[in-house]
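Need a 3D model of the sequence below.
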Amino acid sequence: MILTRLSLNNFRQFDTKKFVFKKPWTIIVAPNAHGKSTIIEAVSLLSSGESPWEQHAENIIKLGTSEPGGSGNKLKAYDTLSRNTTRIEAEMETPDGPQSIAVALQRGPTSTTRKYYLNDSTTTRSSFSRTFKTVLFSPDLIDVLMFEPGQRRNFLDTHAGSLFPEYSATLSNYKKVLRQRNSLLRAFSRNGKRNGNGYAHGNGFDELDRRLKYWTEQLIDLGSEVIRLRLQLIDMINNPSDLYPTRITYRPNVDVHNLASLSDASYIRERFMQKLTDARSKEIILGMTLAGPHRDDWFLTVDETNLNIFGSRGEKRMAIADIIFKINHILQKELDLKPVLLLDDITSELDNGNIDLLFTQKIEPGQQTIITTTHLDQLPGPVQTSSHIIKI
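Alright, predicted model coming up:
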């Protein structure tokens with residue numbers, strides 16, 4: 001797939017902005033704080049439906065000053081939304097011919113809603129996220145992945161969702177079940193009378209207990225599948241490679257005696273159930289679920305050294321780059337397509353030798369790549385001459 005056009009409306013600092021991509025490689029050049037990373041964020045959002053950096057969607061919506069559809073443009077179905085709406089639209093060439101995709105985020109009084117479009121018709125997020133694939137490397141990933149366990153989980157979830165068609169729906173259902181179970185635990189916590197095993201029955205607690213068992217079973221079924229698919233992705237990433245020596249070490253929240261057994265779905269369910277059983281009294285006191293993939297973590301290793309703790313910034317930078325490019329190759333191999341590669345400000349994080357290695361060995365021939373930089377001369381000469389250059 002090749003991205004050919006991108007249109008931003010009321011997104012971050014842009015009222016209305018359009019970009020055309022003419023070659024497989026595009027370099028976007030601008031000083032800091034002029035919107036380079038905003039363009040990368042927009043393209044990434046068209047792939048996953050989520051910003052790679054901002055967890056609160058309302059923060060990316062610029063209170064609009066542009067008319068819906070932009071000046072002189074023909075209105076589409078989704079242009080009837082209010083000015084409190086961000087719209088990101090793109091056109092691309094695919095093996096099946098030209099396609100268009102769009103996402104609209106609308107700020108409401110209490111929440112922000114999303115709508116997804118494929119060829120001008122509304123679609124589900126699941127169908128939307130299967131249409132367009134990207135892989136992102138950004139300086140922000142270094143700090144995020146080193147210090148934020150939640151972002152480390154999100155990183156795995158984003159790429160597992162790109163690779164496994166069922167993953168995003170399974171994870172979404174797991175989160176819904178988790179909310180239901182937590183709500184029941186809080187009900188026990190507010191009204192129950194503690195005994196040695198948790199909370200006593202009677203006065204409506206039999207019904208609460210029955211419902212809790214139901215949601216616990218759902219949680220275990222869905223959570224075990226989330227863990228299994230995460231591990232399947234990690235196994236692919238950890239496939240030995242001289243070019244990419246970094247590995248991911250996964251630390252599930254469930255108690256395990258043998259990490260190798262985590263490839264066994266029945267073993268994951270058994271350990272998950274045991275962890276929840278052991279934590280029942282504490283969960284009811286706290287009113288929250290204390291075990292499951294929502295509490296898992298991972299770290300980066302090279303030669304069995306934990307880089308999250310012992311790595312220098314340079315080592316962490318190269319390790320994250322390794323993982324990103326491994327995922328890039330995995331997606332190409334497993335899905336038989338070339339995702340759009342997004343390299344945000346790489347000259348600030350990679351030295352000249354690694355930049356040369358990146359363009360000569362790590363990017364597949366013909367793979368569309370969008371690069372941002374503050375100074376064009378920081379990129380190799382052959383990259384400059386082979387690229388379409390956009391100056392902001």
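
Spit out the contact partners of the closest residue in space to residue 246 that isn't next to it in sequence.
Using Cβ to Cβ, 6 or more residues apart in numbering and skipping the chain neighbours, the partner closest in space to residue 246 is residue 322 (3.8 Å). C-beta coordinates here come from the backbone N, C-alpha and C atoms, glycine included. With Cβ atoms under 8 Å, 6 or more residues apart in numbering as the criterion, the residues that contact residue 322 are 244-246.

just checking, next helix/strand downstream of the helix or strand containing residue 322?
Using DSSP states H and E, residue 322 sits within helix 313-335. Of the helices and strands lying after helix 313-335 in sequence (DSSP H and E), the nearest is strand 340-344.

how far out from the middle of the chain is the next helix-or-strand element following that next one?
The element immediately downstream of strand 340-344 (helix or strand, assigned by DSSP H and E) is helix 352-357. From the chain centre to the centre of helix 352-357 is a distance of 27 Å (Cα atoms, centre = their mean, to the nearest Å).

Mind listing what's buried along helix 352-357?
Judged by neighbour count (16 or more other Cβ atoms under 10 Å), helix 352-357 contains these buried residues: residue 355.

CA atoms of it as CSV?
C-alpha atoms of helix 352-357 as CSV (Å, rounded to 0.1, in the frame of the first residue of the first chain):
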residue,chain,number,x,y,z
ASN,A,352,25.5,8.6,11.2
GLY,A,353,26.6,4.9,11.1
ASN,A,354,23.2,3.6,12.2
ILE,A,355,21.4,5.9,9.9
ASP,A,356,23.4,4.6,7.0
LEU,A,357,22.7,1.0,8.2
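
Tell me where the model's unsure across the stretch 251-392 of the chain.
Low-confidence segments of the stretch 251-392 of the chain, defined by pLDDT under 70: 256-263.

sorry, back to before: are any of the contacts of residue 322 buried, and which?
Buried residues within the contacts of residue 322, counting neighbours by 16+ other Cβ under 10 Å: 244, 246.

Where is pLDDT lowest across the contacts of residue 322?
pLDDT across the contacts of residue 322 is lowest for residue 244, at 88.

I'd assumed it was in a strand, is it?
No. Membership of residue 244 in a strand is not supported by DSSP: H, G, I helix; E, B strand; the rest coil, which gives coil.

Show me how the chain divides into domains.
Split into domains by automatic domain parsing, the chain comes to 2-133+337-391, 145-336.

Would you mind putting those into a markdown table with distance to residue 139 alongside?
Listed next are the domains of the chain as a markdown table, based on distance: least, Cβ to Cβ, whole Å:
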| stretch | distance to residue 139 |
| --- | --- |
| domain 2-133+337-391 | 5 |
| domain 145-336 | 8 |
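
Packing partners of the helix of greatest length in the chain?
The residue-count maximum for a helix in the chain (DSSP state H) belongs to helix 205-237. In this structure, helix 205-237 makes packing contacts with helix 149-163, helix 167-191, strand 247-251, helix 265-286, helix 313-335, judged by 3 or more Cβ pairs under 8 Å, 6 or more residues apart in numbering; DSSP states H and E.

That one: how far from the chain's middle?
Distance of helix 205-237 from its chain centroid, counting by Cα atoms, centre = their mean, is 20 Å.

by how many degrees do that helix and helix 149-163 diverge?
Angle between the axes of helix 205-237 and helix 149-163 is 70 degrees (criterion: axes from the mean of the first three to the mean of the last three Cα atoms, to 10 degrees).

Using CSV, list the CA coordinates for stretch 48-66.
Output of stretch 48-66 as CSV, limited to C-alpha atoms (Å, rounded to 0.1, in the frame of the first residue of the first chain):
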residue,chain,number,x,y,z
SER,A,48,-4.7,2.2,14.7
GLY,A,49,-7.4,4.6,15.4
GLU,A,50,-5.4,5.9,18.4
SER,A,51,-2.7,8.6,18.8
PRO,A,52,0.6,7.0,19.6
TRP,A,53,1.4,9.6,22.2
GLU,A,54,-1.8,11.2,23.5
GLN,A,55,-4.1,9.0,25.7
HIS,A,56,-6.8,11.7,26.0
ALA,A,57,-8.3,12.2,22.5
GLU,A,58,-9.8,15.6,23.4
ASN,A,59,-6.3,17.1,23.6
ILE,A,60,-5.6,16.6,19.9
ILE,A,61,-8.7,18.5,18.8
LYS,A,62,-8.1,22.1,17.8
LEU,A,63,-11.2,24.1,18.4
GLY,A,64,-12.0,24.7,14.7
THR,A,65,-11.9,27.8,12.8
SER,A,66,-12.1,26.2,9.4
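
Next, the buried residues of that stretch.
Under the neighbour-count criterion of 16+ other Cβ under 10 Å, stretch 48-66 has 48-53, 57, 60-62, 64, 66 buried.

and which of these is nearest to residue 354?
Nearest to residue 354 among the buried residues of stretch 48-66, counting by Cβ to Cβ, is residue 52 at 21.7 Å.

wait, is the closest one part of a strand?
No. Counting by three-state DSSP, residue 52 is located in no strand; its state is coil.

show me the contacts for it.
The contact partners of residue 52, by Cβ under 8 Å, 6+ apart, come to 41, 44-45, 136, 138, 140, 158.

let's see it at 10 Å
Taking Cβ atoms under 10 Å, 6 or more residues apart in numbering as the criterion, residue 52 is in contact with 37, 40-41, 43-45, 134, 136, 138, 140-141, 144, 151, 154-155, 158, 342, 344.

do the same with residue 348
Listed by Cβ under 10 Å, 6+ apart, the contact set of residue 348 reads 32, 139, 317, 372-375, 378.

cutoff 6 Å now
Neighbour list for residue 348: residue 139 [criterion: Cβ atoms under 6 Å, 6 or more residues apart in numbering].

Return the distance of it relative to residue 157.
According to Cβ to Cβ, to the nearest Å, residue 348 and residue 157 sit 27 Å apart.

Residue 94 too?
Per Cβ to Cβ, residue 94 is found 25 Å from residue 157.

Give me the more crowded residue out of these two.
More crowded of residue 94 and residue 157, by other Cβ atoms under 10 Å: residue 157, with 20 against 12.

what's near enough to touch that one?
Residues near residue 157 by Cβ under 6 Å, 6+ apart: residue 171.
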